[in-house]
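Trainee: Turn this into a structure:
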Amino acid sequence: MSEHILVVDDEAPTRELLSIYFKRRGCTVSTASTGADALRLVNELPIRLVILDINLGEKSSGLDLLEPIKKGRPDLPIILFSGIGLDEKTLQEARQKGAAGYLNKTQPLDQMWAEVQRALHA
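Mentor: Numbering: from 1, shown residues only. Purely as a prediction, here's the structure:
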């Protein structure tokens, strides 16, 4: 059975790139561009991992979504994803809210894959 990954990002090219990349590695991929869509999909689909952009370009951020996702699915690993470097305080807050890891959008895709594998099998 393939792992089902949810990619949440407000930028369509990023969602598309990650979707293609993970599908080529045998995963099932769903995507969402908003926090509301992400919450709906997490509750409706057998998602095994969420890659969550911190800057969703809306009122709520990825950090704001951590708690509601973890409340409904406490065992679901969530990897935060950002194009900007995060300070230690923000990373600590994210871990306290349940984030399983952090990826920078500039990381090579094979490093992202390694982090996804780590989070899925932790």
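Trainee: ok, which stretches of this structure are strands?
Mentor: Using DSSP state E, the strands of the chain run over 4-8, 28-32, 49-53, 78-82, 101-104.
Trainee: how far off strand 49-53 does the worst-scoring helix or strand of the chain on mean pLDDT point, in degrees?
Mentor: For the chain, counting by mean pLDDT, DSSP states H and E, helix 88-96 ranks last in confidence among helices and strands (a mean of 84). Here the directions of helix 88-96 and strand 49-53 differ by 150 degrees (axes from the mean of the first three to the mean of the last three C-alpha atoms, to 10 degrees).
Trainee: one step back: just the strands of the chain: most buried one?
Mentor: Stretch with highest mean neighbour count among these: strand 49-53 (a mean of 26; mean count of other C-beta atoms under 10 Å). C-beta: built from backbone N, CA, C; applies to glycine.
Trainee: now for that one, which elements pack on it?
Mentor: strand 4-8, helix 35-44, helix 62-72, strand 78-82, helix 109-120 (3 or more C-beta pairs under 8 Å, 6 or more residues apart in numbering; DSSP states H and E).
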